Structure formats: structure tokens, C-alpha cells
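Chemist: next comes the sequence, and after it the predicted model I'd like to discuss.
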Amino acid sequence: MKLYLDHAATSPILDESLRVMVDAYREAYANPSSAHSFGSDVERRGKQAKKNILKHLAGKPKNLIMTSGGTEANNQMIYSQSVKSSGKAACFLTSSIEHKSVLQPLEHWTPKESVHLLKVGRTGQISLEHLDEILEKEGKRLTFVSLMHVNNETGIIQPLQKAVEIIRHKSPEAFIHVDGVQAFGKIEVQDLIRSIDAYSISAHKLRGPRGLGALWIKNPDKLNPLLHGGDQEYGKRSGTQNSPALLGFEKSVIKAYENLHENHQKRLAIRETIIEEIKSSIRDTMVIEVKDQQVPGILLIAFEGVKSEVLLHSLETEGIYVSSGSACAARKDEISHVLKAMEIPLEWAEGVLRISFDETMTTEQILYLVEKLTEHVQKIRKWVKR
């Protein structure tokens with residue numbers, strides 16, 4: 001049996017999205033920037049796709065700047081804010097559990113001493129108390145905030161509504177960006193969108209095509225282009241638009257939000273069954289989660305006395321594909337910066353697996369996963385004891 005359980009890294013494309021894209025490559029292949037009517041037709045269809053995506057965000061097509069993915073969207077937003085703050089006594093705020101596409105651009109484009117890292121608790125959620133302390137000190141000097149909505153390793157939803165309220169009260173001029181790559185299509189985001197300035201999304205996390213993402217921005221005038229050489233995306237992102245991918249993304253978003261509540265409940269039931277079966281079969285396990293503040297399709301579970309890399313590759317031999325954390329850092333043999341920030345004890349952090357799935361996972365697949373997981377965890381523990 002082949003069992004792909006790494007949806008948080010990338011998800012298999014929806015058949016409907018793929019069909020739409022193939023049709024577009026065959027029939028709607030004109031460059032949307034071309035002056036002829038064929039190009040104009042493709043441009044109009046792309047704008048309609050944006051409008052349908054924006055029904056779950058806010059604004060008009062000019063508020064949704066298409067990019068190559070969440071990484072580019074995050075980079076462009078941080079680059080823009082670093083340029084606008086250059087030469088000023090500004091400070092930036094993010095957290096210690098952000099994706100590398102936020103942490104590394106901040107390291108690259110801003111002075112190290114100007115960046116504040118929010119602490120997180122053992123729950124994996126940002127500390128609102130620490131936020132309050134930073135804002136008491138920095139106040140109006142705070143220029144830019146970038147925080148994730150859902151953590152890509154733990155699936156834990158961050159308390160952003162409360163955080164935004166605190167920031168707006170103490171640093172009303174701060175620009176607030178949210179990395180919504182793991183949230184969009186999994187939970188409702190519109191309430192949060194109303195109170196922030198920018199939001200990054202990515203198609204392949206919700207069964208859309210790879211190589212396409214977007215930056216939603218309330219005021220496009222506050223965004224500087226990262227790429228130059230054309231006037232595409234209202235002058236904010238040069239390069240020929242990938243119209244077929246945009247239509248595929250549109251279809252994935254429509255399907256995700258049509259069935260949002262139903263899919264959430266299915267994933268929750270799958271999650272609870274996996275946890276129950278694992279705990280009844282394997283001793284010394286720990287689920288890293290926050291009840292009721294969790295996207296159910298990301299399950300982070302630790303096995304004491306087992307190295308996650310060994311277990312991961314052991315499961316591969318059974319056709320089971322999981323992760324030991326973020327795919328963007330998985331090839332580095334080290335403890336995740338997220339787990340370090342959460343102060344997860346080393347003996348647990350070394351044995352973490354991220355199992356990520358969607359609502360289509362069957363009971364047969366769950367039982368196969370647990371059977372093989374039990375078999376390989378026990379085998380590895382015996383080897384370690386020798």
C-alpha cells in the first residue's frame with residue numbers, strides 16, 4: 001500500500017483543478033498581457049478567478065498579487081517593509097516559530113538588533129505577555145509585524161485576533177502581515193483579514209498547483225516589487241502570469257470552502273482515531289497539540305527512544321510517507337527550531353513525526369499506518385537497547 005501522509009509539505013492536486021489547468025493550457029494559452037482579444041479574454045478570466053478567491057479574503061483583484069508561492073509572498077512583503085524603514089529608527093516583530101521564509105529574509109534585509117522574536121509557551125502558541133512587554137518598550141517604533149496563522153509543524157492555530165488587538169492599541173501605525181499558508185482553505189480567515197494589512201497564501205497546500213501563491217494586501221501602494229521588468233500584477237510582480245495555474249488554484253479554493261466544515265469534521269475524526277489507535281498500541285508517545293486550537297490535518301506526535309529520521313525511512317519501506325517536521329528544513333539533521341522554541345525535551349524532540357493528511361484517508365489506511373508504526377517503533381527501540 002502506498003500511503004502519502006505529508007500533505008503539510010505539499011498536497012496532491014485535485015482532479016478538478018488539474019482538468020481546469022489542462023483545458024486552459026490547450027484552449028486559453030494566450031499571454032494575458034497581450035493587446036489582442038485572445039489575450040484580453042485570458043486576462044478577464046484570470047480576474048474572475050481572483051474575484052472568486054477573494055470571496056474568502058477581501059477586496060478587488062488589485063489586492064491579490066500573484067507570486068510563485070508562499071515563500072516569495074513572504075519575502076516580497078518583508079523586503080517592502082525593510083526598504084520603507086531604511087534609515088529610520090524602526091523595529092520589527094516576529095516569533096521564534098515562524099517559517100524560514102519569514103525568519104531568513106528578516107535576517108537578510110533588516111539589522112539584527114532591530115528584530116524582536118516573540119517567545120512561545122510549551123503549548124506552541126505565541127506569548128501575549130511577552131508581546132505586551134515588547135510593545136511597552138518599543139511602542140510607536142514598531143514598524144512591521146509578521147506572524148503565522150497556523151504553524152506548519154504543529155498545526156497549532158495562533159491567537160492572532162488577541163495579538164492584533166494588543167498591537168493596534170499600543171502600536172497603531174505598525175504594518176501587520178500574516179503568513180496564512182497553512183491556514184487558508186482549512187479555516188475561515190476573513191475575520192482576521194479585516195484587522196490586518198497583508199496575508200500570504202499558497203495553492204499547493206490546499207490541493208492546488210505548485211509554483212503559485214499570492215499576497216493579499218489591503219493597500220497595494222505599500223508593496224514594493226521584488227521582481228522588475230514588466231507591469232504585471234499592477235506593477236507589483238513582473239513576469240508572465242501563470243493563468244492555467246491561477247484557474248487551478250481558483251477551483252481548489254472553491255472546493256475547499258464549499259466543504260470547509262464537513263472536511264474539518266472528517267479530518268478531526270481521522271485525527272482522533274489515529275491518536276487513539278497509536279496510544280493503545282505504542283507506549284511512551286506524546287501528542288503535541290492544543291485542543292480546539294488546531295487544524296486537525298496536521299498531527300505532530302513524538303516517540304520516546306526513537307530517532308525520527310530512522311523511523312521515517314523505516315516507514316518508507318512499507319510505502320508510508322511522513323515527515324519529521326518542515327519539508328523546507330527536513331534534510332538538515334537537527335532538532336526543529338519550532339520544537340526548540342517550545343522547549344520540548346530532547347528525548348521527545350528527537351522522535352517527532354509529522355503526519356499530515358486530508359479528509360479522504362480511510363479506516364483501512366489508518367489501521368495500516370498504526371500497524372506498521374507499531375512494528376517499526378518496537379523494532380527500533382529493541383535495536384537502541386542493544
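Modeler: Everything's here; your move. Residues are numbered from 1 along each chain as shown.

Chemist: number of nearby residues for the closest residue to residue 297 other than its chain neighbours?
Modeler: Leaving aside its sequence neighbours, residue 297 sits nearest to residue 267 (C-beta to C-beta, 6 or more residues apart in numbering; 4.6 Å). Every residue, glycine included, has its C-beta placed from N, CA and C. If you count neighbours by other C-beta atoms under 10 Å, residue 267 ends up with 23.

Chemist: how near is the residue lying closest to residue 151 once chain neighbours are set aside to residue 179?
Modeler: What sits nearest to residue 151 in space, not counting adjacent residues and going by C-beta to C-beta, 6+ apart, is residue 97, at 5.7 Å. Noted for residue 97: a distance of 11 Å to residue 179, by C-beta to C-beta, to the nearest Å.

Chemist: need the overlap of contacts for these two.
Modeler: residue 148 (C-beta atoms under 8 Å, 6 or more residues apart in numbering).

Chemist: could you report the neighbour count for residue 34?
Modeler: 13.

Chemist: which element, helix or strand, includes it?
Modeler: Of the helices and strands defined by DSSP states H and E, none includes residue 34.

Chemist: nearest residue to it in space, please, no chain neighbours.
Modeler: Going by C-beta to C-beta, 6+ apart, residue 34 has residue 40 as its nearest residue, at 7.7 Å.

Chemist: what about the one you found, helix or strand, and which?
Modeler: helix 37-54.

Chemist: tell me which strands and helices the helix or strand just after that helix is in contact with?
Modeler: For helix 37-54, the following helix or strand on the C-terminal side (DSSP H and E) is strand 64-67. For strand 64-67, the packing partners by 3 or more C-beta pairs under 8 Å, 6 or more residues apart in numbering; DSSP states H and E come out as helix 37-54, helix 70-85, strand 213-217.

Chemist: quick one: closest of those to residue 312.
Modeler: Nearest to residue 312, of all the helices and strands packed on strand 64-67, is helix 70-85, at 23.4 Å by C-beta to C-beta.

Chemist: who touches the closest one?
Modeler: 65, 67, 92, 99, 101-102, 105-106, 109-110, 143-144, 146, 175, 177, 179, 181, 198, 200-202, 205, 213-215, 217, 222-226, 237.

Chemist: kindly report the same for stretch 226-243.
Modeler: Stretch 226-243 has contacts (C-beta under 8 Å, 6+ apart) with 24, 28, 31-33, 42, 45-46, 62, 65-67, 72, 75-76, 79-80, 211-212, 220, 223, 225.

Chemist: centre of the chain to it, how far?
Modeler: 23 Å (C-alpha atoms, centre = their mean, to the nearest Å).

Chemist: ok, back up a step: just the buried residues of the contacts of helix 70-85.
Modeler: With burial judged by 16 or more other C-beta atoms under 10 Å, the buried subset of the contacts of helix 70-85 is 65, 67, 92, 99, 101-102, 105-106, 109-110, 143-144, 146, 175, 177, 179, 181, 198, 200-202, 205, 213-215, 217, 223, 225-226, 237.

Chemist: endpoint to endpoint, stretch 229-247 covers what distance?
Modeler: Terminal residues of stretch 229-247 lie 24 Å apart, using C-alpha to C-alpha, to the nearest Å.

Chemist: list the buried residues in it.
Modeler: 232-233, 236-237, 241-247.

Chemist: ok, so of the residues you listed, who is nearest residue 312?
Modeler: Within the buried residues of stretch 229-247, proximity to residue 312 (C-beta to C-beta) peaks at residue 245, which comes in at 30.2 Å.

Chemist: quick one: the helix or strand where that closest one lies to strand 213-217, angle?
Modeler: Using DSSP H and E, residue 245 sits within helix 243-258. Angle, helix 243-258 to strand 213-217, by axes from the mean of the first three to the mean of the last three C-alpha atoms, to 10 degrees: 70 degrees.

Chemist: okay, the angle between helix 243-258 and helix 37-54?
Modeler: Angle, helix 243-258 to helix 37-54, by the same axes, to 10 degrees: 30 degrees.

Chemist: what does the helix or strand just after helix 243-258 contact?
Modeler: Going down the chain from helix 243-258, the next helix or strand is helix 260-281, by DSSP H and E. Helix 260-281 has contacts (C-beta under 8 Å, 6+ apart) with 186-188, 256, 285, 287, 295-297, 299, 301, 355, 357-359, 361, 363, 366-367, 369-370, 373-374.

Chemist: what is the rounded mean pLDDT of helix 260-281?
Modeler: Mean per-residue pLDDT for helix 260-281: 98.

Chemist: what of stretch 287-296?
Modeler: On average, stretch 287-296 scores 95.

Chemist: in it, what's buried?
Modeler: Neighbour-count burial for stretch 287-296 [16+ other C-beta under 10 Å]: 288-290, 294-296.

Chemist: mind giving me the PyMOL command for buried ones among the contacts of stretch 226-243?
Modeler: Command for PyMOL that selects the buried part of these, burial taken from 16+ other C-beta under 10 Å:
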select buried, resi 24+28+32+42+45+46+65+66+67+72+75+76+79+80+212+220+223+225
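
Chemist: thinking again about what came up before, I figured the residue nearest to residue 151 hits residue 344, correct?
Modeler: No: between residue 97 and residue 344 there is no contact under C-beta atoms under 8 Å: 11.7 Å.

Chemist: the more surrounded of these two?
Modeler: It is residue 97, of residue 97 and residue 344, that has more neighbours when counted by other C-beta under 10 Å, with 29 against 21.

Chemist: surely that one is in a helix?
Modeler: No: using DSSP: H, G, I helix; E, B strand; the rest coil, the assignment for residue 97 is coil, not a helix.

Chemist: how near is it to residue 228?
Modeler: From residue 97 to residue 228 the distance is 33 Å (C-beta to C-beta).

Chemist: buried residues of stretch 145-164, list them for me.
Modeler: 145-160, 163-164.
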